[in-house]
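Participant: For reference, the sequence and a predicted model appear below.
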Amino acid sequence: MKKEKIFTPYETFVIAILAILQFTIILDFMVLSPLGAILLPTLNISTAQFGTVVSAYAFSAGASGFLAAGFADKYDRKSFLLFFYVGFIIGTLLCAMAPTYETLLAARIITGIFGGVIGSVGFAIITDLFSLEVRGRVMGYVQMAFGASQVLGLPIGLYLANAFGWHAPFWMIVGVGIIIGLVIWKYLQPIKGHIAVNKDRNVFSHLTSTLSHPFYINGYLSTILLATGGFMLMPFGSAFATNNLGLTLDQLPLLYLITGLFTIFAGPVIGRFSDKIGKFNMFAIGSTISIFMVGIYTNLGVTPLWICIALNVILFIGINARIISISALTSAIPEPKDRGAYMSINASIQQVSGGIASSVAGLIVVQQSDGMLTRYDTLGIVVIVSMVIALGMVYWLDRLIKNRNKTTSPVPQVNVPGLVE
């Protein structure tokens, strides 16, 4: 029997281009973590200053997301996406040319202003084009970008950084980004079904009503808790691996490569199971795995490479399961007329929460004169507590969504030209 195709050729293209676009955005953020081991001594900065570099992107992304939210549903999603992606490429170009800590900090702020909005536009496109029943699968494929950034981006970026200096990875991202931008400009179809509903709505009132909507607030609260864990651990991951676990800078690419490969293959599987067993159930499984692994990993001393790789693989699979399932679950929250604004506000809250978390992490973790990081285990406890609270919050959110769906008709999809069987 011939297997029925779930997605049309154009839908497959949309999933692929959004995944590749996410690859550049995630890589731009993630590459700072492994570069931390190089930047700390090269720029002669403290852990607190490095935490500021990481959080600068997050805070500027959060601010721009709030400002863009009122406009997000008034323009063609394709044009909106391209505008911010061009700005992101320019910001990354400035990072590639930054000679000092101060100029790098300024470049990260500019990159965040544009880059922080892109993910929300992508999720709005996914929500416009795909039904809730298959969104777990779509999110799983798009989230492969997370693994791909580790498999392709981080190892290549680290090799380039070791060979040509820490600016090289940013040059790589600029080159890839230009190609992706041209493909989106030429082949992605306009997405305008939401514009008619919002053409007469005031930008400010649209922002405030979406921000204060009682049902949407539950999603925002969940996002705050979810952002805390990831943003706290990641900035100091490479410094902890090299100084505490005993890995060398040459071993880091292998660590990220193998972890990323497993993450790539796990993404679609997690997405399918998320649609099959329920988004919250998959989130609970991922949270349980992550909690145990954070507790183990943050208390390690000098550890053989193969054990570090095994623990990283399990940890990132757990984190991926949380991200994919919660992305699919929260996509059911906004009404069609508010999708762009909700996604933009939600992304802003995520970025601001992450920025605060990165700054707090920089204050908790202290680097000694010999390079060792202390109080990383304390940081692990903070992350675990946030994950436990988030699990309860997402359970509550899942109940609210299901109860709402029982009393209301299904949320309609936006009619987009070109999506025909």
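Facilitator: Here it is on my side, so go on.
Participant: hey, let's count contacts and neighbours off CA atoms from now on
Facilitator: Noted.
Participant: Next one: Ile296 from Ser386, what distance?
Facilitator: 16 Å (C-alpha to C-alpha, to the nearest Å).
Participant: Compare these two and say which is more crowded by neighbours.
Facilitator: Ser386 (18 against 14; other C-alpha atoms under 10 Å).
Participant: Which secondary structure element is home to Val294?
Facilitator: helix 279-297 (DSSP states H and E).
Participant: just checking, what packs against the helix or strand that comes right after that helix?
Facilitator: For helix 279-297, the following helix or strand on the C-terminal side (DSSP H and E) is helix 305-330. Under the contact definition 3 or more C-alpha pairs under 8 Å, 6 or more residues apart in numbering; DSSP states H and E, helix 305-330 sits against helix 132-142, helix 252-277, helix 279-297.
Participant: related to what we said a few turns ago, let me see the residues that make contact with the helix holding Val294.
Facilitator: Contacts with helix 279-297, where a contact means C-alpha atoms under 8 Å, 6 or more residues apart in numbering, come from 136, 270, 273-274, 311, 314-323, 325-326, 328-329, 377, 380-381, 383-384, 387-388, 391, 394-395, 398.
Participant: Mind listing what's buried along it?
Facilitator: 279-284, 286-291, 293-295, 297 (16 or more other C-alpha atoms under 10 Å).
Participant: ok so, going back, distance to Tyr85 added to the helices and strands packed on helix 305-330, as CSV?
Facilitator: Converted to CSV, the helices and strands packed on helix 305-330 look like this (distance: least, C-alpha to C-alpha, whole Å):
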stretch, distance to Tyr85
helix 132-142, 17
helix 252-277, 24
helix 279-297, 30
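Participant: now those helices in CSV, with mean pLDDT and distance to Thr92?
Facilitator: Supplementary listing: the helices and strands packed on helix 305-330 in CSV, determined by pLDDT from 0 to 100; distance: least, C-alpha to C-alpha, whole Å:
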stretch, mean pLDDT, distance to Thr92
helix 132-142, 80, 22
helix 252-277, 84, 22
helix 279-297, 92, 31
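Participant: closest one to Ile224 among these?
Facilitator: The closest of the helices and strands packed on helix 305-330 to Ile224 is helix 279-297. By C-alpha to C-alpha, the value is 15.5 Å.
Participant: what's the spacing between Pro169 and Ser344?
Facilitator: 27 Å.
Participant: Give me the more crowded residue out of the two.
Facilitator: Ser344 (32 against 27).
Participant: ok now do the more buried one, which residues does it touch?
Facilitator: By C-alpha under 8 Å, 6+ apart, the neighbours of Ser344 are Gly65, Phe66, Ala68, Ala69, Ala72, Val117, Ser120, Val121.
Participant: farthest pair in these?
Facilitator: Counting by C-alpha to C-alpha, the most remote pair of the contacts of Ser344 is Phe66 and Val121, 13.0 Å apart.
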